[in-house]
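1. Below are the sequence and a predicted model; questions follow.
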Amino acid sequence: MLDKTYDPAAVEAGRDEAWEAAGRYRPRGAGTPYCIMMPPPNVTGSLHMGHALNHTVQDTLVRFKRMQGRDVLWQPGTDHAGIATQMVVERELAAEGTSRRAIGREAFVDRVWQWKAESGRTIVAQLRRLGASPDWSRERFTMDDGLSAAVRRAFVSLHREGLIYKDERLVNWDCQLHTAISDLEVVSKEVDGQLWHFAYPLEDGSGSITVATTRPETMLGDTGVAVHPEDERYRDLVGKHVVLPLVGRRIPIVADEYSDPEKGTGAVKITPAHDFNDFEVGRRRGLEALNILDPDGRLNDTVPAAYRGLDRFAARDRVVADLDAAGVLVKTEPYRYMVPFGDRSNTVIEPYLTDQWFCDAPTLAKDAIAAVEDGRTTFVPANWAATYFDWMRNIQPWCISRQLWWGHRIPAWYGPDGAVFVEESEADAHAAARAHYGREVALEQDPDVLDTWFSSGLWPFSTLDWPAGSSELQRYYPTDVLVTGFDIIFFWVARMMMQGLHFMGEVPFREVYIHGLVRDEAGQKMSKSKGNIVDPLQLVEDYGADALRFAILASLAQGRDIKLGESRVQGYRNFVTKLWNAARFCELQDCRPEPAFAPEAVETTLNRWIVADLAATRDVVTAALEGYRFNEAALALYRFVWDRFCDWYLELAKPVLDAGGPAAAETRATAAWVLGRVFRLLHPMMPFVTEALDEQLLGAEPHGLIVADWPAPVAVDDGGARAEIEWLIALVSEIRTARSELRVPASARLALWIAEPDAAVRARLAAWRPAIERLARLDGVHEGMPESAGGTLQVVVDGLTYVVPLAGHVDVDEERARLDKEMAKLEADVARLDRKLANPQFVAKAPEDVVEEQRERRAERAATLARLEAAAARLEGR
RNA sequence: GCGGGCGUAGCUCAGCGGUAGAGCACGGCGUUUACACCGCCGGUGUCGGAGGUUCGAACCCUUCCGCCCGCACCA
């Protein structure tokens, strides 16, 4: 027996373990392969709404495909997330009063591994709680031996091809983390600052040129002043020199297109080592790049003694004060401008001149762009391709080295004279060094590690045992679809495309399904600082994973962010409860699956109707899931279960079941069959409750639904069943509405009269009399016109008038008013349709079936109207 | 500045060329031993504004207004 109330916790408990133990998560080995690579969550992270959304979508797809008979591999794993993880552990050390530098590199890395071992299971456990069904036996971690080997192979190979190189360039430098970061890890924020104008005196004493800056401390590194070649104001100054105040350095005034006469004073100070634009100008004009900062962001020894060792911001104040004292501060104005911050450290990022490893992204991007252009990979929704192209076509060399300790150590070793040996192992490096020097030398490995995304970019094939190779690699690459948020199209999707195409010669995935972000009920992005985080696990605890999953999917309109509040989840928990109770009713009614049940062969109108309706729902759901229209699939099932099966089918079945006989037997079998189909259709979206019901109610074999066949289409000839049930629903609804509007007490059992039924209607009434009486609260169905005192209620359905004598329950005026309201609506409809049909253009140009449809509609409305008019007249007549 | 998106019922959103919809919220009524996590009943809303295309536009085009998100700028 099913429990009286649905208890998600009880229903969901133990099911993940059972599925896994039964091997359900593993590829079945037969069927067309279907593969999804799980975007590896940060190993030390915990589940947030974004994960819940992302994994619910993947799991729904995977379960759907599994049921369709595909050989499904959902490859799971986690990411080492270099900076984020290192920071967490560093914070821990700080709390203990020590630091990574204090304990040293080796001890620190050990410590991170230790921490990973402790906290690395959380996210996986949480995903399991959600119902995620990847092949956990294949779980990978980006720093596993195999994946690390893949990283080294990729690095060495790209290096040999000249696509990875070391260069001294400006990078985004994080002064707190002491590492370079990529462009993508920099977030610009608008800041209220000041714009200072300084007059740099000309060397020849003939005056000065005024430049403006928001970062005065950088003037200590100025090696030039640029003006626009066309700028009349400064034309005569080009080629002259100024003497840099405070420093005394003689620097040239150069002409360069970069200088914008409209901006600031039109003359711009050039600090090649500390500004990306200035760096380019410096290169073009042969200006020296003078690095004035140390890795902490303090001024170094290239600046005058007074400023050495000062922090960049302290130096700023000092420089301004000194320039003011020197009389060259022309003016100071408040100024709003954009300042780059590190997305992790949230400190101001400095452009900084260092030696770093770069990947030639512009070259790798070529095929990655072509692959999307020619449709080898497509985006869903398609417009995300524009974002992808936009970034790919403007891609810059990718700085892949990080001055961190946690991550893949760069496989480069340096000899005593600085010669570099890039090899997959230290042994190989030594061999190369021997060949180079003709003797054994001491080598030192590059201290840096690689950007985390370098290894994540290899994920679609490194997880399948590349470079060693395996049958899985052959079978599942390219994967079918990547499911991810738009926020990492650049970070991750682009990198996988570049590396996948380069190393595998084929795209990593054929489709990229991009979903939105989860926001709170007010549409705010969830963040810890706002305190509006909704914890998915709390929701799972309160309402069940099934409810959360279904809520997510039902809210997931394509290409939009989703706003998910608790009430939404609650609503779908109610839906699960509804399903549970419907199943329980069927159980009480002894509905059991009939092995020989053939949906096409059911005979009663009611059963033919529900079978036909379910067949249509199946088609809608199948097409919706295939097209990533999850909300459409969810809604179709919600409607079928609640509005059709529960509200009408079961209610109409009650009298049939009570009456017994062959019709009752068929109905029991049909109900059981329909529920079984519903469980299957719903399973990818709400896996737990559907399988529990399938087992408990229908006696299906344990953990079988997850691998049950997806329902095949059913070709039903409903033989007029739909029309008949629609008539019945309309009749009952009309009477209910009229009763409610006339405030007839619910308890009043009234008779139904029909004046002139034809044979068909007479038969229908006879067949459905118990149902009509039950659902419309009636007692007796009669032919003819009633002798009524005390008013009547009259409704028109399919052109026939049905009369309910009210016997004093209501007064005539109220019924008259109700009829008037309905007639007014119909009159308006008829008038509108008449206007349309009277338009010769419409009749001539619109498709025939559309015109015919309007004519029929017009006739139907007019007939109903006539009946209502007659009914009104009868009211008057008394 | 460039790109993308959004503006439909109180709220959250479907619909995207042929009668304006759902859920939630709200209000009324509670009869039916599956379900109060329920049942029944209740929606005229300039489909952001203005033009245009069309026999017909919430849906296509143009333009304007308002909001959001990327990217760039960052003297």
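-> Happy to help now that I have it.
2. Next one: residue A:82 from residue A:140, what distance?
-> Using CB to CB, to the nearest Å, residue A:82 is found at 17 Å from residue A:140. Where C-beta positions appear, they are placed from N, C-alpha and C, glycine not excepted.
3. Neighbour count: these two, which is higher?
-> Neighbours per residue (other CB atoms under 10 Å) separate residue A:82 from residue A:140, with residue A:82 holding more: 26 against 21.
4. mind listing what that one touches?
-> When contacts are counted by CB atoms under 8 Å, 6 or more residues apart in numbering, residue A:82 is found next to A:402, A:404, A:406-407, A:449, A:451-452.
5. pLDDT at it, what is it?
-> Here, the pLDDT recorded for residue A:82 equals 83.
6. Against residue A:499, how distant is it?
-> Applying CB to CB, the value for residue A:82 to residue A:499 is 17 Å.
7. Check chain A for its longest strand and report it.
-> strand A:186-201 (DSSP state E).
8. Give the pairing partners of that strand; include direction for each.
-> According to DSSP bridges, strand A:186-201 forms sheet pairs with strand A:208-213 (antiparallel), strand A:329-342 (antiparallel).
9. any chance of those in CSV, plus mean pLDDT, mean neighbour count and distance to RNA strand B?
-> Converted to CSV, those look like this (pLDDT from 0 to 100; neighbours: other CB atoms under 10 Å; distance: least, CB to the nearest atom of the strand, whole Å):
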stretch, mean pLDDT, mean neighbour count, distance to RNA strand B
strand A:208-213, 88, 20, 4
strand A:329-342, 86, 14, 3
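10. for those, which one sits closest to residue A:768?
-> Closest approach to residue A:768 among those is made by strand A:329-342 (70.5 Å; CB to CB).
11. Averaging pLDDT per element, find the lowest-scoring helix or strand in chain A.
-> Within chain A, confidence by mean pLDDT, DSSP states H and E is lowest for strand A:518-519 among all helices and strands, at a mean of 71.
12. got the contact list for the residue lying closest to residue A:8 once chain neighbours are set aside?
-> Nearest non-adjacent residue to residue A:8, counting by CB to CB, 6 or more residues apart in numbering: residue A:544, 2.6 Å away. Residues near residue A:544 by CB under 8 Å, 6+ apart: A:8-9, A:11-12, A:573, A:576, A:688-689.
13. Filter these down to just the ones in helices.
-> A:8-9, A:11-12, A:573, A:576, A:688-689 (DSSP state H).
14. Can you select the buried ones from these in PyMOL?
-> Buried residues within these, by 16 or more other CB atoms under 10 Å, are selected in PyMOL with:
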select buried, chain A and resi 8+11+12+573+576+688+689
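15. Would you mind giving the ones in helices among the contacts of residue A:544 as a markdown table with pLDDT added?
-> Formatted as a markdown table, the ones in helices among the contacts of residue A:544 follow (pLDDT from 0 to 100):
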| residue | pLDDT |
| --- | --- |
| A:8 | 92 |
| A:9 | 92 |
| A:11 | 92 |
| A:12 | 93 |
| A:573 | 93 |
| A:576 | 94 |
| A:688 | 96 |
| A:689 | 95 |
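16. how about residue A:468, secondary structure?
-> Secondary structure, DSSP: H, G, I helix; E, B strand; the rest coil: residue A:468 is coil.
17. Can you give me the neighbour number for the residue lying closest to it once chain neighbours are set aside?
-> Excluding the flanking residues, the one nearest residue A:468 by CB to CB, 6+ apart is residue A:146, at 7.2 Å. Per other CB under 10 Å, the neighbour tally for residue A:146 reads 16.
18. RNA strand B versus residue A:809, what's the distance?
-> 12 Å (CB to the nearest atom of the strand, to the nearest Å).
19. hang on, isn't that residue packed against residue A:748?
-> Yes. Residue A:809 lies in contact with residue A:748 (CB atoms under 8 Å); the separation is 5.5 Å.
20. Would you map out the domains in chain A?
-> According to automatic domain parsing, chain A comprises the domains A:179-350, A:563-719, A:723-877.
21. what about the spatially closest residue to residue A:476 that is not a sequence neighbour, which helix or strand?
-> Distances taken as CB to CB, 6+ apart place residue A:35 nearest to residue A:476, at 3.9 Å, with adjacent residues excluded. Residue A:35 belongs to strand A:33-37 when assigned by DSSP states H and E.
22. So what touches that strand?
-> By CB under 8 Å, 6+ apart, the list of residues contacting strand A:33-37 from outside reads A:27, A:58, A:61-62, A:65-66, A:70-75, A:459-460, A:463, A:475-477, A:479-483, A:508-509.
23. Tell me who's in contact with the residue of the stretch 151-300 of chain A found nearest RNA strand B.
-> Among the residues of the stretch 151-300 of chain A, residue A:264 lies nearest to RNA strand B; the distance is 2.4 Å by CB to the nearest atom of the strand. Residue A:264 is in contact with A:195, A:197, A:211-212, counting by CB under 8 Å, 6+ apart.
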